[in-house]
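Q: Pasted the sequence and its predicted model underneath.
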Amino acid sequence: MSANLSDLPFNGSQLSTSAPELSPTEAAKIAARCYGIDGTAELLTSERDSNFRLGATDGSTYLLKVSNPSEAEDIVDLQTACLDHIAGVDPTLPVPRVLRTREGAKRGQTVLADRRRCTVRLLTYLAGVPAKGTPRSRTQRIQIGAVLAELDIALRGFTHRAAVHDLLWNVSRADRLTHLVDEISGGGRRKLVRHFMDCFLADTLPRLGGLRAQVIHNDFNLYNVLVATADTDRVTGVIDFGDLVHAPLVGEVATAAAFQMAQTDDPMAAAAEFVGAYHAVLPLLPEEQEIFADLVATRHLITVLISEWRSRRYPENHAYIMRHNAGAWDGLHLMAGFSRQDARDRMLDGVRSGDDR
């Protein structure tokens, strides 16, 4: 019998509820009604929500977000409050700004054809293209690492009652996905996944409780980092704050480093360049460095567990759900060939060389 996320010991409703079904025409009507903006809407890819690029008749561009019906209002408010906090603490950081409705509210609402109620928000649309698919370079990785560190510094003082919510993509709670290990097809792949889950449970999880923690972006992948079209080494935006969570800070850096390993000739060196740049701005503590590589492997682990389960449940969204799957499998296979110490040393090469200067 297949495992059901709703039966597991956490709230899996965000990934077991289908995204809102809205046409671009319906989205444009929502923007006009809630925000008084006339324009045309274009559907963008997303995992849980429905996102639209809104081109206004005056030439302005916006991002219209219609949240998943299962998304609690306090979680949406967490994301809004976070963006408002960043704008106040460090307005130079290239993150979206939240716009107000015609009544001055931070969010609106709409009711779908199936009578499900959804929260609506309008954000500024940031210029640039996703770093994913652009030429990868050491300079780009250093830029991305520094921007993430600056973002985490801005988030240090941010608090919100909803930040401690259950989130499947929280790398520090991978133990709650243990039941999905048996869902992996293929004996070899299942053995590999079980190995890394056992490592997390035995070696990593017991060390997480004493580490510094704060609200983190938690999904700093290359689709969520925008770079300049004419200069892809320059970061122009950070988007998608939908996975915000209060968690160990090192999990933020490990998650981002896992994505830096994809489509490079030397994945370990690429991760090390990124981590070294982050560390130069916001140093990782010795106890965080000790389990850093373990958490990178854990991010790959939860990516394959969740994406494999989700792709079977929502085959119509297979391409989007599985977009990180191949890279995560590559990462697990690669890291299985290293000892914990060797993997840690390779990924922290940029940290240690920087500390020696």
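A: That came in fine, so what should we check first?

Q: low-confidence ranges in this structure?
A: Of all residues in the chain, those with pLDDT under 70 make up the ranges 1-18, 353-357.

Q: can you pull out the helices in it?
A: 13-16, 24-35, 73-89, 138-154, 187-199, 205-208, 249-260, 267-281, 286-290, 292-313, 318-321, 325-336, 340-347, 349-356 (DSSP state H).

Q: and among these, the most buried is which?
A: Sort these by mean neighbour count, taking mean count of other Cβ atoms under 10 Å, and helix 249-260 sits at the top with a mean of 27. The C-beta positions use only the backbone N, C-alpha and C, and glycine is treated the same way.

Q: Does anything pack onto it? Which helices or strands?
A: Helix 249-260 is packed against helix 138-154, strand 213-216, helix 267-281, helix 286-290, helix 292-313, helix 325-336, with contacts defined by 3 or more Cβ pairs under 8 Å, 6 or more residues apart in numbering; DSSP states H and E.

Q: Identify the spatial nearest neighbour of the residue nearest the centre of the chain, chain neighbours not counted.
A: Central residue of the chain (Cα atoms, centre = their mean): residue 219, 1.5 Å from the mean position. What sits nearest to residue 219 in space, not counting adjacent residues and going by Cβ to Cβ, 6 or more residues apart in numbering, is residue 243, at 4.1 Å.

Q: What's the separation between that neighbour and residue 323?
A: Taking Cβ to Cβ, to the nearest Å as the measure, residue 243 and residue 323 are separated by 15 Å.

Q: of the two, who's got more company?
A: residue 243 (21 against 15; other Cβ atoms under 10 Å).

Q: For the more buried one, list the residues it contacts.
A: The contact partners of residue 243, by Cβ atoms under 8 Å, 6 or more residues apart in numbering, come to 167, 169, 217, 218, 219.

Q: Is it possible to get CSV of these that adds distance to residue 180?
A: Converted to CSV, the contacts of residue 243 look like this (distance: Cβ to Cβ, whole Å):
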residue, distance to residue 180
167, 15
169, 13
217, 24
218, 19
219, 19
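
Q: domains of this protein?
A: Each domain of the chain is listed here as a residue range: 5-124, 129-356, per automatic domain parsing.

Q: Pull the distance from the shortest one to the chain's centre.
A: In other words, domain 5-124. Domain 5-124 sits 16 Å away from the centroid of its parent chain (Cα atoms, centre = their mean, to the nearest Å).

Q: so residue 270 sits right up against residue 142, yeah?
A: No. Using Cβ atoms under 8 Å, residue 270 makes no contact with residue 142, being 11.0 Å away.

Q: Would you check how far apart residue 220 and residue 200 are?
A: For residue 220, the distance to residue 200 under the criterion Cβ to Cβ works out to 20 Å.

Q: swap in residue 250?
A: Distance from residue 250 to residue 200, by Cβ to Cβ: 14 Å.

Q: and what of residue 68?
A: Separation of residue 68 from residue 200 (Cβ to Cβ): 28 Å.

Q: Look up how far residue 167 lies from residue 176.
A: Residue 176 sits at a distance of 10 Å from residue 167 (criterion: Cβ to Cβ).

Q: which one of those two has more residues nearby?
A: Neighbours per residue, other Cβ under 10 Å: of residue 176 and residue 167, the larger number sits with residue 167, 22 against 18.

Q: wait, isn't that one in contact with residue 242?
A: No. With the criterion set as Cβ under 8 Å, residue 167 and residue 242 do not qualify as a contacting pair; they are 9.6 Å apart.

Q: Now the common contact residues for these two.
A: Both residue 167 and residue 242 lack any common contacting residue under the criterion Cβ under 8 Å, 6+ apart.

Q: and residue 175, how far is that from residue 204?
A: Distance of residue 175 to residue 204, given as Cβ to Cβ: 9 Å.

Q: okay, these two: which has more neighbours?
A: Neighbour count, other Cβ under 10 Å: between residue 175 and residue 204, residue 204 has more, with 22 against 14.

Q: ok, residue 290 - contacts?
A: 207, 344.

Q: For residue 279, see how far away it is.
A: When Cβ to Cβ is the yardstick, residue 290 and residue 279 sit 14 Å from each other.

Q: rewinding a little: of the helices of the chain, which is nearest residue 52?
A: Judged by Cβ to Cβ, the one of these that comes nearest to residue 52 is helix 24-35, at 4.4 Å.

Q: count of residues packed around residue 93?
A: Residue 93 - counted by other Cβ under 10 Å - has 16 other residues nearby.

Q: thought it was touching residue 150?
A: Yes. Distance between residue 93 and residue 150: 6.3 Å, which falls inside the contact criterion (Cβ under 8 Å).
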